Every structure is written in C-alpha cells, then in structure tokens.
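1. could you look at this predicted model? Sequence included:
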Amino acid sequence: PSQDINCTKYHNVKRSSLTAYVPLTWRYERRCRYFRVVALPGQSGTWRRQRASQKTTFVTNHFQEMTVTMEDTTSDTKTEKKVKLKRSKGAAGPPARKVKSFKDQSQELAGGKLFKKADQKTKGKKFKKTLKDGKVEKPTEGGQQKTVKKGKPSVSKGKKRKSEGDGDNDSPEKKQKLVEMKKKERKEVRRQLKNTYPLTKRSKEIWEVVRRHDCKKETRARLMAELYGLIKGRAKELANAHDSVRVMQCCIQFGTPDQRTTLFEELKDELVNMSKSKYAKFSVRKFLKYGSKEQKAAIMKSFQGHIKKIIRHTEASSVLEYAYNDWANQTQRKAMLQELYGNTYVVFKAPDTTTLQDLFTLHPDKKELVLKEFKESLTPLLEKTVVKHTLVHKALLEFFTQAEGRLRTEMIEAVRESLIHILHTHDGSRVTMHCLWHGTAKDRKVIIKTMKTFVQKICQEEFAHHTLFALFDVVDDTKLVSKAILQELLQSVSDLVTDQHGRKVLLYLLCGRHQAYIHPDIVKLLQQGDNNETSKKDPAMRRQELLEFVSAPLLKYFSENTKELVLDKAQSQVALATLEYAQGDKSAAYEALSVLAAEDFLPQGKGGDESEMHIVEHPAGHLFLKRLLAWDKSQTEAGQTEGFFAPALLSQLEPGAMASWAKINRGAFVIVSLLETDIPEVVRRVHKELEPQLMMLKRIKVPGVEILVKKLEGEST
C-alpha cells in the first residue's frame, strides 16, 4: 500500500492467473522522491503482487543486467549503478533462489538509505505505529516520537493566500469557512464564481414572473423586452446551460414575433448542434411549436443530410421524432425518408420522384441495387433505442412493400425480435403483419415468444391488435398460439370486454372476418396474407381449432356476468357472438339469461332509470333478446333442430309474464321475435298466453303492440 507502481510503456501484455505485465520502462514512486529502473531492449520481466504480504516483486526472465538510476527531486545530482543478476541463460520461469522484493533491492542499491540525512524537510514520513492503548505514534521533524489519540487525521494547514484588497487593517473577525456553511449557501457561493451569474440571476427573476398565467400583458411585454436585451448575443451560451435553458424556452414562447425572429437568427446556424445537446434541444422544440412557418421550414432544412446521424443520437433523435410526427408536412417527411434509401436512389431519381415505387417505374433494373443499399442503411437502425422512432417504422414498411425473396427474408430475420417495440404504431403494425405473412415458421415462433406478457396490452392498442388478426390467420401451430397468446388473453377477458379494441380481438376469434364486427378496410388488408408461401393448414381448420380453445372459457364468463354483458350496448356484442359462434354446451349460458329475463317485470317508462329496468324494457337488453331469437330463426331455416334459446327462455317464464311484456312497445317486439322463430312449441305457447288478451292489446296504440296483434290474428286465421 505504501508503493505506487506506474508502468509508463508496455512491450507486450500477458494474462495468467496472476496479472502479468512485460514493461519496457517502469517506475517506482514514493512521496516526492523516486528511482527509475530502465530495461534494455529485448529484456522482459514480470510484476507480481503477493496478496498475503502486499509486496511487489520483479522477476527477471532473460536479461542479465539492469540500470538503476537514483533521482532526487530536490537536487540535480544523479547516480547510476549497474547490477548484474546471476542467472543461467535460457532459463525459464523465476530463479531457484529466493528473489528479493523490489523494495529490498532498491534499499541495497541505495546503500540502505533512500534519502539524504541533510535534507530533513523533504524526508518521507514513516508509517504510523499503533500502541496497545489505542494511541498512535507519529514522527516529528526533530526525530522524536509524538503520541496522539487515534481519531480524525490531522489536516496540514498551508499559508493562506491574501486576496486583492486585503491589508493590515482587515477586520479581526475571520470570514466564515466554506466547509462550515450550509449546503444552500455553498451552492450560492459557487454560482457567484461564474461569469454569467448576474445575467442568469436577473433572467431567472424575470422568468419567475413572466411564466405565470396570471401575469398581465403589459408587465409581460415590459419584462420580455428587458430579458431579450439581457440575452442578446449570449443566447447560445444560455441555451446550453442547465439553469438557464428554461429562460430561453420562456423567451421563445412569450416573445413577440420580431423578438423571436431576432433570437432565431442568432441560433439558426447551431440548430443541429443544439438538437444534440441535453438542454438546448428543448429550445429547438419550442421553435417548432411557437415559431413561424419560415422558421419551422428552416429547422427542417437544417436536418437535411444529417438524418442518419440524428436518428441514432440519444438526444437529437427525440427532436427529429417530434418534428416528423407533429410539424413536418408530407413533402418534408418524404425528404427525410429519402435519405435512408441510399446513394443509387439519389443518383437516378427524377425531380418529381418522391417514393421507391416512382423510381422503380422509371428504372426497373435498379430495384435490386436500391433495395440492397436501403437494407444496409436500415440494419443499424434496428437497435432497441433507435427502432422505436416513427421514421424507422415508415422506412421498414417501405422496404417490405417493395422487397421480395432473399432480401425480405434477411430483413425479417434481423427485425423479428424488435417487432414488439414497433407494433403499437400504424406503420409498425403493418411491418409486423408483413413479417408474419412472409416469415418462416421459425420467424413466427420468435415473434410469438416476444409477445409473451404483453398480450393484453397488444389487444388494447389501436393498431397493435391488427397484428393478432394476422397471427390468427397464418400461424399453423395452433397449440403454440393457444399456449402463448390465447391462454394469457383469456386471463384478462374482463378487461378486454370493456375495451373497444380488446372486444374486436375476441370477436375475431369468435366470428372471424364478419362484416358486422370487422371494418371492410381491415378485411382487405388481411387478405394480402392469405396466399403466403409458409402456411399450409386449411384456414377453416385453423380457425376451428382456435375457436374450440376459447369457447368454454367465454361461455363460462358469460354465465357468471350475464347482466353486465347483456345490459351494456358495447359488451353485448361479445355476449351475442359468444352464444352464436362458441362451440360446446350452451345450456348454462341460456339458463343464466333466461333467469334474468324471468325476473319480475315492473315498467319504468321512458324517463326511468336504466339500471332498474327489466331486460325486456332496457334499450340494449331487448335488442340482445331480439338478435338472439333471430339467430334461432336462421338456425331453424338452416335445418338445425336443437340448441335454441327460445325454448330455454319460455321454460323459465311464469304464466302471465308474456302478457305483461306485450303491453309495452319493446316487450311486444320481443314476443314478435319469438313468433318468427317458427319453432312449433314456442309458437303454441305464445298463442296460448296472448289470445285471451287480444281485445285488450288492440286498445294499446304503440307500433310494437300493433304489429304483435296483426301477427297473432294472421297466424290464428
């Protein structure tokens, strides 16, 4: 610990169990004096640190002599001695005899004395000696030992330098030391040492007033004029400082157009460098938000030629993302994107060429070369911190739209593990769908594994849930999909049913591309992957296997939450699709719904509380019953003879319940739907209960009752 070995130059470096160096020149230092050992060319040796004794030794291997130079920092005299180490030539490893430590050798070479006796002031201090009673002996200048108590180490006090203006008439009171000040006071003292302290202090005082929403216009205008006078010519310096960057943002936000223009002219040549600064980048963002149309265009133009570097920069990438998403027009976005296409695109593009498709129309033979360069420029952008940017998503979508064959396969393999970070955007979701459509079975498996633990979040994203549609359409390994995706999805059914995008995922599993639930544009998009080369299984079989996996859990959920699902207009879509398309025994679900419909009916009227309404009178509940009964009708027409809801409903109704339903408009329409099912036992039960009430129903003048009366009279005749 008392030694400090600095190897100043290395001839070679060897690694072993002990750290070994082969230095060409090495130095031993201690306090203000040192001596140097100089090795001759071709010589080698090994430094070894022994942990037990904490000594440093030098073992020679091949050379026979070394030159030792004693240097004294306080004198110009130097003495040199040549020492020959006896050792047989060609011997490998350390010598057989015990090798003295470097310190012992140096003591011998120096005659046992490292320092001159005459020079007592510059002599190095000896190690402290601890006594048994806990006291410490330390050497003094006279050579005597002084015993002190063990505690904090003493601090040597140097001669205090007098500042300008100090004299003999200074106040006898000592100035407060910096170490004795409070933390806040020390911080203030350090700030005062800066050259910009007065400017920064006054600027902050103005900022504290101007930034308030209750600041009057006259006061704000006066203070802003003063603030612009202070920062004129020093805007760049203030924009890069952490404590004044908010002042700059305040100037841009609350300044007049003329003041803002003056400030922009001062900074316009440093916009790219400011974007790369941790603090100045916020000033660029403020110019994008509050600047004029010309200033925004100038910022976009300053980015030209630097897109590849900016998008990979930690700080500047956020500014580029903000500019691309919120303030760039279509032309400016295309100009940013074109910098990623490569040099061939720049050479062969026409003045009106803005996309890859335009270039390939003019030069079809350049397609492969351009896409190859495009792929090379995209590959470095697939890092986790870079691939999240929207510009990269757009570039990847352009590539997959045009690429084919080997180039597309290589890009899918490179990007497949990063898709989880981009599928939440519009372009990123399309890129993920292309990878699922055209990727191999291995690529699809990797993509599915990256989605684990994120399934619920993917289902609830506006664009990400489209990737699950593509996944359900093309992946042949339905067991993997069921285990990795559907199992996690079914654990959060209650959250998905209440989410507008989550419901679409459940509906797609139940009824596929039904136009009543899936938008035609989405269906058209999904059709692009129908004829992919990787999928071999029949689409109907694939869908059937997924449907069988989710049917039982969804029917169980419906049975346990019937009222919440049926009486909500949005959630009732999932409930209806579950009863219509789910596979398996539906009797428990039908029974739960029939029990809800068989509750005592107390009409609430038009202004009644919907939470207290009966399912027959409820706006969403009565529509659910009508649509489910219409499904019974379609199944009857298709030749099915069992599994209907209407018989289960009537089995739970008390005699006379339908007569009370028939007196209101919505209840009458439900009974009409019962008659239209054409199930014989259902029709007979309705006629049996309502024909005695026919004269009373004719006196009720509402559309539903009038239709019901006509239906009863027509069928009876």
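-> That came in fine, so what should we check first?
2. hey, which helix is longest across the chain?
-> When the chain is parsed with DSSP state H, its longest helix is helix 539-560.
3. A strand includes residue 639, no?
-> No. Assessed with DSSP: H, G, I helix; E, B strand; the rest coil, residue 639 is coil; it does not lie in a strand.
4. quick check: phi and psi at it.
-> phi 100, psi 10 (degrees, to the nearest 10).
5. distance-wise, check it relative to residue 577.
-> Separation of residue 639 from residue 577 (CB to CB, to the nearest Å): 22 Å. Yep, even glycine has a C-beta here, placed from its N, CA and C like the rest.
6. between those two, who's got more neighbours?
-> residue 577 (21 against 6; other CB atoms under 10 Å).
7. please put the alpha-carbon coordinates of the strand or helix carrying residue 295 into PDB.
-> Element membership for residue 295, per DSSP states H and E: helix 293-303. The C-alpha coordinates for helix 293-303 follow below in PDB (Å, rounded to 0.1, in the frame of the first residue of the first chain):
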ATOM      1  CA  LYS A 293     -43.800  28.900 -40.800                       C
ATOM      2  CA  GLU A 294     -40.500  30.000 -42.300                       C
ATOM      3  CA  GLN A 295     -38.600  29.200 -39.100                       C
ATOM      4  CA  LYS A 296     -40.100  25.700 -39.000                       C
ATOM      5  CA  ALA A 297     -39.100  25.200 -42.600                       C
ATOM      6  CA  ALA A 298     -35.600  26.400 -41.800                       C
ATOM      7  CA  ILE A 299     -35.300  23.800 -38.900                       C
ATOM      8  CA  MET A 300     -36.500  21.000 -41.200                       C
ATOM      9  CA  LYS A 301     -33.900  22.100 -43.900                       C
ATOM     10  CA  SER A 302     -31.100  22.200 -41.300                       C
ATOM     11  CA  PHE A 303     -31.800  18.500 -40.700                       C
END
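8. what's in contact with it?
-> Contact with helix 293-303 is made by 260-261, 264, 268, 271-272, 284, 287-288, 291, 310, 320, 323, 327-328, 332, 335-336, as judged by CB atoms under 8 Å, 6 or more residues apart in numbering.
9. let's see which of the residues you listed end up in helices.
-> If you go by DSSP H, the contacts of helix 293-303 have 260-261, 264, 271-272, 284, 287-288, 310, 320, 332, 335-336 in helices.
10. now the buried members of these.
-> Buried members of the ones in helices among the contacts of helix 293-303, scored by 16 or more other CB atoms under 10 Å, are 260, 264, 271-272, 284, 287-288, 310, 320, 332, 335-336.
11. just give me the closest of those residues to residue 614.
-> Closest approach between those and residue 614, by CB to CB: residue 288, at 57.2 Å.
12. can you give me the distance of the closest one to residue 334?
-> Noted for residue 288: a distance of 18 Å to residue 334, by CB to CB.
13. got it, and residue 517?
-> Taken as CB to CB, the span from residue 517 to residue 334 is 36 Å.
14. shaky segments in this protein?
-> For the chain, the stretches flagged by pLDDT under 70 are 1-179, 193, 195, 605-607, 715-717.
15. show me where it has its strands.
-> Secondary structure of the chain, counting by DSSP state E: strands at 4-14, 20-30, 33-38, 45-50, 55-60, 65-71, 78-84, 129-130, 135-139, 145-149.
16. does residue 631 touch residue 580 like I think?
-> Yes. Look at residue 631 against residue 580 with CB atoms under 8 Å: they come within range, at 5.2 Å.
17. what's near enough to touch the closest residue to residue 280 other than its chain neighbours?
-> Using CB to CB, 6 or more residues apart in numbering and skipping residues adjacent in sequence, the residue nearest residue 280 is residue 274, 3.8 Å away. Applying CB under 8 Å, 6+ apart, we find residue 274 in contact with 236, 239-240, 267, 280-281, 283-284.
18. what does residue 314 give?
-> Residues near residue 314 by CB under 8 Å, 6+ apart: residue 385.
19. what count of nearby residues applies to the residue lying closest to residue 503 once chain neighbours are set aside?
-> Spatial nearest neighbour of residue 503, excluding adjacent residues (CB to CB, 6+ apart): residue 574 at 5.4 Å. Residue 574 has 24 neighbours, counted by other CB under 10 Å.
20. got a list of what residue 574 touches?
-> Going by CB under 8 Å, 6+ apart, residue 574 touches 497, 503, 506-507, 510, 554, 565.
21. mind redoing it with 7 Å?
-> Contact analysis of residue 574 by CB atoms under 7 Å, 6 or more residues apart in numbering lists 497, 503, 506-507, 565.
22. turn these into TSV, columns for distance to residue 679 and neighbour count.
-> Formatted as TSV, the contacts of residue 574 follow (distance: CB to CB, whole Å; neighbours: other CB atoms under 10 Å):
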residue	distance to residue 679	neighbour count
497	30	22
503	30	21
506	29	24
507	27	20
565	25	22
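23. closest to residue 250 out of these?
-> Taking these together and measuring to residue 250 by CB to CB, the closest member is residue 503, at 45.8 Å.
24. that closest one reaches residue 495, doesn't it?
-> No. Contact criterion CB atoms under 7 Å: residue 503 and residue 495 do not qualify, at 10.6 Å.
25. anything in contact with each of these two?
-> Shared contacts of residue 503 and residue 495, defined by CB under 7 Å, 6+ apart, are absent.
26. helices of the stretch 501-650 of the chain, start to end?
-> Ranges of helices in the stretch 501-650 of the chain, per DSSP state H, counting those that start in this stretch, are 520-526, 539-560, 562-566, 571-581, 587-597, 619-637, 646-652.
27. same list (those helices) but as a markdown table, adding distance to residue 204.
-> Converted to a markdown table, the helices of the stretch 501-650 of the chain look like this (distance: least, CB to CB, whole Å):
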| stretch | distance to residue 204 |
| --- | --- |
| helix 520-526 | 53 |
| helix 539-560 | 59 |
| helix 562-566 | 55 |
| helix 571-581 | 54 |
| helix 587-597 | 66 |
| helix 619-637 | 58 |
| helix 646-652 | 74 |
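28. out of the ones you listed, which is closest to residue 388?
-> Going by CB to CB, the one of the helices of the stretch 501-650 of the chain nearest residue 388 is helix 520-526, 23.2 Å.
29. could you list the buried residues of that closest one?
-> Applying 16+ other CB under 10 Å to helix 520-526 flags 525-526 as buried.
30. any idea how far it is from the chain center?
-> Chain-centre distance of helix 520-526: 29 Å, with CA atoms, centre = their mean, to the nearest Å.
31. I would like the residues contacting that helix, please.
-> Contacts of helix 520-526 (CB under 7 Å, 6+ apart): 466, 469-470, 473, 513.
32. could you redo the last one with a cut-off of 6 Å?
-> The contact list for helix 520-526, computed with CB atoms under 6 Å, 6 or more residues apart in numbering, reads 469, 513.
33. likewise stretch 484-502?
-> By CB under 6 Å, 6+ apart, the list of residues contacting stretch 484-502 reads 448, 452, 455-456, 459-460, 465, 506, 549-550, 553, 557, 571, 574.
34. same question for stretch 330-343.
-> With CB under 6 Å, 6+ apart as the test, stretch 330-343 has contacts from 300, 307, 354, 373-374, 377, 395.
35. off-centre distance for that stretch?
-> For stretch 330-343, the distance to the chain centre is 25 Å (CA atoms, centre = their mean).
36. again, but for stretch 234-251
-> Offset of stretch 234-251 from its chain centre (CA atoms, centre = their mean): 28 Å.
37. what about it, start to end distance?
-> Distance across stretch 234-251, first residue to last, is 13 Å (CA to CA, to the nearest Å).
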